[in-house]
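Participant: Structure of the sequence below:
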Amino acid sequence: MAPGPQRTPPPTIELPQGFRATGLHCGLKSDGAFDLGLLLAEQPVAAAAIFTQNALQGAHIPVCRQHLAQSGGLVQAILVNSRNANCATGQRGIDDARRCCHELAQRLGCKEEHVLMASTGPIGAPLPADKILQQLEPLVSQATSQGGMDFANAIMTTDTHPKAATATNPSTAARVTGFTKGSGMIHPDMATMLGFLLTDAAAEGDLQTQLQDLADRSFHRATVDGDTSPNDSLFVLASATHSAPITQCRSELLTVATDLARQLAADGEGASRLITIEVRGANSEADACHVGRVIATSPLVKTAIAGRDPNWGRILSAAGRADVTFDTDKARVWVGETEVFTHGVPKPEREATASQHLVASADIVIGVDLGVGTAQADIWTCDLTADYIRINADYRT
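Facilitator: Have a look, this model is predicted:
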């Protein structure tokens with residue numbers, strides 16, 4: 001299977017002012033790859049986070065919730081480990097996460113509640129906390145303003161490449177830089193697998209509500225396989241190094257978050273195609289999103305694209321079972337720029353052209369117009385190949 005659309009990661013990425021980052025190997029991954037990362041602010045900064053809605057939750061989540069509540073939403077550091085989810089590990093897992101935060105706070109000279117932690121990897125094994133604790137001092141000493149890509153590498157699991165993005169507001173020069181990880185078990189019910197947004201703008205207004213709205217328009221619109229991780233976490237930190245308010249950086253925040261969401265979908269396990277699903281003609285944006293997610297999680301649609309088959313019937317059928325108002329006589333379906341179903345009439349003579357889009361492009365566009373309104377939304381996913389089965393069948397063995 002040919003590889004999917006890959007974006008060559010930059011060797012370095014510019015962090016917003018007031019932040020440092022790094023990553024190193026602490027012994028969780030057997031191949032010597034980076035598996036421990038740190039995001040560090042010069043002082044406690046305004047922060048917000050949203051977490052998975054899965055009833056099963058990683059141990060870091062209650063610890064983060066408690067620390068954010070105790071600190072009034074101020075954070076100086078986020079410690080992240082990969083290759084171990086620290087999930088379904090009981091009280092020991094929570095105690096291990098707290099111990100890591102406590103020890104890092106001691107080395108930074110800050111309050112424990114100003115330190116957060118996030119974990120990602122296989123579920124069920126105790127966190128090798130001692131391996132993490134042994135590397136805290138070098139982790140802190142190595143953190144620099146140029147360490148963003150080391151952090152991005154350290155948080156990867158089955159990702160094929162690190163995921164990062166950055167944007168600068170042209171008027172204020174305030175910067176937004178983001179990182180994410182995720183390749184499988186991607187169907188965010190809050191944010192993404194793990195996501196981190198940093199800005200040197202100043203927090204203004206309700207940062208929690210702003211983050212939720214941002215997630216709804218970006219990470220919540222990406223899906224790989226319909227499975228929601230118990231460790232999903234999205235964080236935003238604002239250092240206020242620039243006097244510009246974060247509300248002036250809405251466009252840059254959305255640009256970075258959307259870029260990262262598309263990278264997640266493009267790097268889906270076993271994927272050979274990034275798919276943008278355009279839903280048009282809905283009664284509401286929420287309806288359009290829902291229809292797009294139903295299409296995006298249809299195995300029939302995803303396997304058809306893997307086979308380069310412009311099977312518009314599968315797209316239309318998926319839209320039709322979304323329990324959203326839908327006028328078949330006004331509906332349209334397209335693959336690439338080719339409309340293959342128009343106002344209740346199939347266009348079989350156009351399927352060869354549509355198929356060529358699936359063959360020639362690694363960045364696929366399919367779409368449906370529901371014919372009932374003016375609302376619209378785009379959803380991002382990937383095709384479903386045999387490699388997805390192989391990766392997940394061999395994940396722990």
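Participant: Which residue comes closest to H114 once chain neighbours are left out?
Facilitator: Closest residue in space to H114, ignoring its immediate chain neighbours: Q76 at 4.3 Å, by Cβ to Cβ, 6 or more residues apart in numbering. (C-beta placed from N, C-alpha, C; glycine too.)
Participant: Centroid-wise, who is the farthest residue in the protein?
Facilitator: E349 (38.6 Å; Cα atoms, centre = their mean).
Participant: Listing request: residues of the stretch 151-300 of the chain with sub-threshold pLDDT.
Facilitator: 185-192 (pLDDT under 70).
Participant: Can you give me the pLDDT of the residue nearest to H114?
Facilitator: In this model, Q76 is scored at 98, pLDDT.
Participant: so what's it up against?
Facilitator: Contact analysis of Q76 by Cβ atoms under 8 Å, 6 or more residues apart in numbering lists 40-41, 43-45, 108, 110, 114-115.
Participant: Name the SS class of it, please.
Facilitator: With DSSP: H, G, I helix; E, B strand; the rest coil as the basis, Q76 sits in strand.
Participant: how near is it to A97?
Facilitator: Computed as Cβ to Cβ, to the nearest Å, the Q76 to A97 distance reads 17 Å.
Participant: Give me the subset of the contacts of Q76 that lies in helices.
Facilitator: When DSSP state H is applied, the contacts of Q76 are split such that L108 fall in helices.
Participant: Closest one to S218 out of the contacts of Q76, please.
Facilitator: Within the contacts of Q76, the smallest distance to S218 is 21.7 Å, found for V45 (Cβ to Cβ).
Participant: In stretch 276-286, which residues are buried?
Facilitator: Within stretch 276-286, the residues scored as buried using 16 or more other Cβ atoms under 10 Å are 276-282.
Participant: Turn those into CSV, including distance to T180.
Facilitator: Shown next, in CSV, are these (distance: Cβ to Cβ, whole Å):
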residue, distance to T180
T276, 18
I277, 20
E278, 23
V279, 24
R280, 28
G281, 31
A282, 28
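Participant: In strands, which of those residues fall?
Facilitator: 276-282 (DSSP state E).
Participant: Report how far apart the opening and closing residues of stretch 215-225 are.
Facilitator: One end of stretch 215-225 sits 18 Å from the other (Cα to Cα, to the nearest Å).
Participant: what sits against the spatially closest residue to G373 that is not a sequence neighbour?
Facilitator: Spatial nearest neighbour of G373, chain neighbours left out: N283 (4.1 Å); criterion: Cβ to Cβ, 6+ apart. Shown in contact with N283 (Cβ under 8 Å, 6+ apart): 324-325, 370, 372-373, 375.
Participant: Is it correct that D225 is in contact with G184?
Facilitator: Yes - proximity of D225 to G184 meets the contact threshold set by Cβ atoms under 8 Å, at 6.1 Å.
Participant: Give the residues shared as contacts by those two.
Facilitator: Taking Cβ under 8 Å, 6+ apart as the contact rule, D225 and G184 both touch 268-269, 388.
Participant: Strands of the stretch 1-150 of the chain, residue ranges please.
Facilitator: Secondary structure of the stretch 1-150 of the chain (DSSP state E, counting those that start in this stretch): strands at 19-24, 36-51, 74-81, 115-119.
Participant: of all those strands, which lies closest to V301?
Facilitator: Nearest to V301, of all these, is strand 36-51, at 28.5 Å by Cβ to Cβ.
Participant: ok and that closest one relative to strand 74-81, angle-wise?
Facilitator: 120 degrees (axes from the mean of the first three to the mean of the last three Cα atoms, to 10 degrees).
Participant: Paired strands for strand 36-51, with orientation please.
Facilitator: According to DSSP bridges, strand 36-51 forms sheet pairs with strand 19-24 (antiparallel), strand 74-81 (antiparallel), strand 233-238 (antiparallel).
Participant: With E337 as the reference, name the closest of these.
Facilitator: Checked against Cβ to Cβ, the stretch from the strands paired with strand 36-51 lying closest is strand 233-238, at 34.0 Å.
Participant: angle of that closest one against strand 115-119?
Facilitator: Using the same axes, to 10 degrees, strand 233-238 lies at 150 degrees relative to strand 115-119.
Participant: Now strand 233-238: buried residues?
Facilitator: Buried residues in strand 233-238 (16+ other Cβ under 10 Å): 233-238.
Participant: can you check stretch 31-47 too?
Facilitator: Neighbour-count burial for stretch 31-47, counted by 16+ other Cβ under 10 Å, picks out 34-41, 44-47.
Participant: residue ranges of the helices in this structure, please?
Facilitator: Under DSSP H, the chain gives helices at 60-71, 90-108, 129-133, 136-142, 148-154, 207-216, 250-266, 285-296, 299-306, 312-320, 351-360, 386-393.
Participant: Check the separation of the first and last residues in stretch 373-393.
Facilitator: When the termini of stretch 373-393 are compared using Cα to Cα, they are 43 Å apart.
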